[in-house]
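Visitor: okay, structure incoming, though there's no sequence with it:
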């Protein structure tokens, strides 16, 4: 169980596919407009429950409870070997001396 | 009774919501036909350039260094004919509190919101501007909500956009993340209506007045450090605010001979509102997907009349490829010892090529750099691209196909910006502006359209077949 007052992330559907703007491309129109935000849980709940949170801007927002203490997983990515080749090439052109 | 919150109802209240959220009635500037009073809109901020500079100074914004990129200038000269290859300088806007020139726009907008008594500010942006508004709101003690387009329908987000969300949250903002689609504007309006916060739009006169100090500083620093005005200023172009504000600032400083070049990454063929194509682009701003529509139709932004009108100022519009920008970002780090990017390096890639057209004593300034970090760096961008099936290889950037490959130039001689057809953009603006209004354009409309496109009445008449 997730306790009232915990920092959580929620998800909701803002617009169903049928309610989307007139001019969106077909692949986008096939999907709902979804929303994620974070805040303090307003009542004890289980993951997956419909809940209310209070955001840091003191707004009440409703949605499905996704996770507690959400964290970032983005990074510097996997190694791209081409980048060290660029470095080597530039150093050679600039400081490699006459051939 | 509670207001209806469906799409059509909220959009239908757009003007009313905007009026409350900006404290500005745009009807005052309208003529009733094509023309509107742009300069009076700009004056409506009520702040002089000096006052804007003081507002920015209170939170450590502005007065950023102008750095000469000596090694990159020398590298560029290796590919120019003898006596050619201009000196390249970068305005190091990463030195602003939020890490980009957008702090200038935000400082002004947030200070104005505070003066008018708003409790909070809202901005719809996936990028540096959100971080800037969040940073300024933190400094000036206002609440802040950032609404961003972040994920595709699989819930996958560009590393750069995810990093911006982190930065906004670090500054204490609430971040509302949405899937792809122009209805971002609907959510934005709905939250504005519910909260009564200020619309810290990128396109308000406060936002653009904030960039004028950047142009002014470039002129002053060039005079102090080099003894003359820059021959050319290259701006990364997306929504057009950088080009507009920078040029206006330089003009206010009396720099009349400077040429203004807009540079965007060519993403022709990728639809900006497509769920599937959303994650096939390796840059989230500074590309033609924003640059061209905003230049040719500035008034489709989040305010009734945009204060960013780049075709009024630009002399040329050039494009570069994603691979060229990534290569130059690596070159900037490796040869100049400053790790910056990626959007500001669009202008840098263009400047590297443009410098070869100008003599050695000419001065080119790129108007910005921006912070980099996890997610917002070329390595995660390229790694993300490779994971999404994009072919990354060395080759000739002429083989570039947005959404299919990223071609890293074989060597620096392959970095060549392409001239975009600015005449076509000018014609497009004129036709679109007239299409919105019935009847024959008045003399005032023709004069307005000439100013809008940096042309003359004869050109406007020719385009309209008058």
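Guide: Here it is on my side, so go on. Just so it is clear, the model here is predicted, and its values are computed rather than measured. Numbering: from 1, shown residues only, chains lettered A, B, ... in the order given.

Visitor: packing partners for the longest helix seen in chain A?
Guide: Longest among the helix segments of chain A by residue count, using DSSP state H, is helix A:81-95. Helices and strands touching helix A:81-95, by 3 or more Cβ pairs under 8 Å, 6 or more residues apart in numbering or on different chains; DSSP states H and E, are helix B:70-77, helix B:322-336, helix B:378-387, strand B:391-395. Bear in mind the C-beta positions are built from the backbone N, C-alpha and C, glycine included.

Visitor: what's the local residue count around residue B:435?
Guide: For residue B:435, the neighbour count with other Cβ atoms under 10 Å in any protein chain shown is 10.

Visitor: same question for the one 3 residues further on.
Guide: Summarising burial for residue B:438: neighbours were counted as other Cβ under 10 Å, giving 7.

Visitor: how about residue B:77?
Guide: Count around residue B:77 with other Cβ under 10 Å applied: 18.

Visitor: excluding chain neighbours, what is closest to it?
Guide: Nearest non-adjacent residue to residue B:77, counting by Cβ to Cβ, 6 or more residues apart in numbering or on different chains: residue B:85, 3.2 Å away.

Visitor: what residues does the stretch 51-200 of chain B have near chain A?
Guide: B:71, B:74-75, B:78, B:120, B:143-145, B:150-151, B:153, B:155, B:159, B:162-163, B:166, B:169, B:172-183, B:186-187, B:191, B:194-195 (Cβ under 8 Å from any Cβ of the partner chain).

Visitor: quick check, the residue in chain B closest to chain A?
Guide: Taking Cβ to the nearest Cβ, chain A has its nearest neighbour within chain B at residue B:383, 3.0 Å off.

Visitor: so what's that residue closest to, chain neighbours aside?
Guide: Leaving aside its chain neighbours, residue B:383 sits nearest to residue A:77 (3.0 Å; criterion: Cβ to Cβ, 6+ apart).

Visitor: looking at it, that neighbour is touching residue B:382, isn't it?
Guide: Yes - the criterion here is Cβ atoms under 8 Å, and residue A:77 meets it with residue B:382 at 7.0 Å.

Visitor: the two - which one has more neighbours?
Guide: Between residue A:77 and residue B:382, counting by other Cβ under 10 Å, residue B:382 is the more crowded of the two (24 against 20).

Visitor: before we move on, back to that, buried deepest among the helices and strands packed on helix A:81-95, which one?
Guide: Neighbour counts (mean count of other Cβ atoms under 10 Å in any protein chain shown) averaged over each of the helices and strands packed on helix A:81-95 peak at helix B:322-336, with a mean of 26.

Visitor: got the contact list for the helix or strand that comes right after that helix?
Guide: Going down the chain from helix B:322-336, the next helix or strand is helix B:344-354, by DSSP states H and E. Outside helix B:344-354, the residues that touch it by Cβ atoms under 8 Å, 6 or more residues apart in numbering or on different chains are B:69, B:72, B:75-76, B:86, B:88, B:90, B:93-94, B:100, B:232, B:234-236, B:261, B:263-265, B:283, B:286-287, B:318, B:320, B:324-325, B:327-329, B:331-332, B:364, B:366-370, B:412, B:415-417.

Visitor: let's see that with 7 Å instead.
Guide: With contacts defined as Cβ atoms under 7 Å, 6 or more residues apart in numbering or on different chains, helix B:344-354 is touched by B:72, B:76, B:88, B:90, B:232, B:234-236, B:261, B:263-265, B:286, B:318, B:320, B:324-325, B:328-329, B:332, B:364, B:366-370, B:415-417.

Visitor: quick one: buried residues of the lengthiest helix in chain B?
Guide: For chain B, the helix with the greatest residue count under DSSP H is helix B:205-225. Residues of helix B:205-225 classed as buried by neighbour count (16 or more other Cβ atoms under 10 Å in any protein chain shown): B:205-222.

Visitor: ok, the residue of chain A at minimum distance from chain B - contacts?
Guide: Nearest residue of chain A to chain B (Cβ to the nearest Cβ) works out as residue A:77 at 3.0 Å. The contact partners of residue A:77, by Cβ under 7 Å, 6+ apart, come to B:159, B:379-380, B:383-384.

Visitor: okay, these in CSV with pLDDT and distance to residue B:114 next?
Guide: Shown next, in CSV, are the contacts of residue A:77 (pLDDT from 0 to 100; distance: Cβ to Cβ, whole Å):
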residue, pLDDT, distance to residue B:114
B:159, 94, 33
B:379, 95, 39
B:380, 96, 36
B:383, 96, 41
B:384, 96, 38
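
Visitor: for residue B:455, which non-adjacent residue is spatially closest?
Guide: What sits nearest to residue B:455 in space, not counting adjacent residues and going by Cβ to Cβ, 6+ apart, is residue B:426, at 6.0 Å.

Visitor: so who does that neighbour touch?
Guide: For residue B:426, counting by Cβ under 7 Å, 6+ apart, the contacting residues are B:311, B:453, B:455.

Visitor: I'd assumed residue B:229 was in contact with residue B:255.
Guide: Yes - here residue B:255 reaches residue B:229: they are 4.1 Å apart, a contact under Cβ atoms under 7 Å.

Visitor: what residues are shared contacts of the two?
Guide: residue B:219.

Visitor: tell me the pLDDT at residue 39?
Guide: In the absence of a named chain, chain A is used. pLDDT, residue A:39: 98.

Visitor: think we crossed wires, I meant chain B
Guide: Residue B:39 is assigned 96 on the pLDDT scale.

Visitor: burial measure for it, as a count.
Guide: By other Cβ under 10 Å, neighbour count at residue B:39 equals 9.

Visitor: then residue B:405?
Guide: So residue B:405, with other Cβ under 10 Å, has 18 neighbours.

Visitor: and it, what are its bridge partners?
Guide: Counting by DSSP bridges, residue B:405 is bridged to residue B:391.

Visitor: give me the phi and psi for the residue nearest to residue A:47 when sequence neighbours are not counted.
Guide: Leaving aside its sequence neighbours, residue A:47 sits nearest to residue A:65 (Cβ to Cβ, 6+ apart; 5.5 Å). Main-chain dihedrals, residue A:65, degrees, to the nearest 10: phi -70, psi 120.

Visitor: that concludes my questions; thank you for your assistance.
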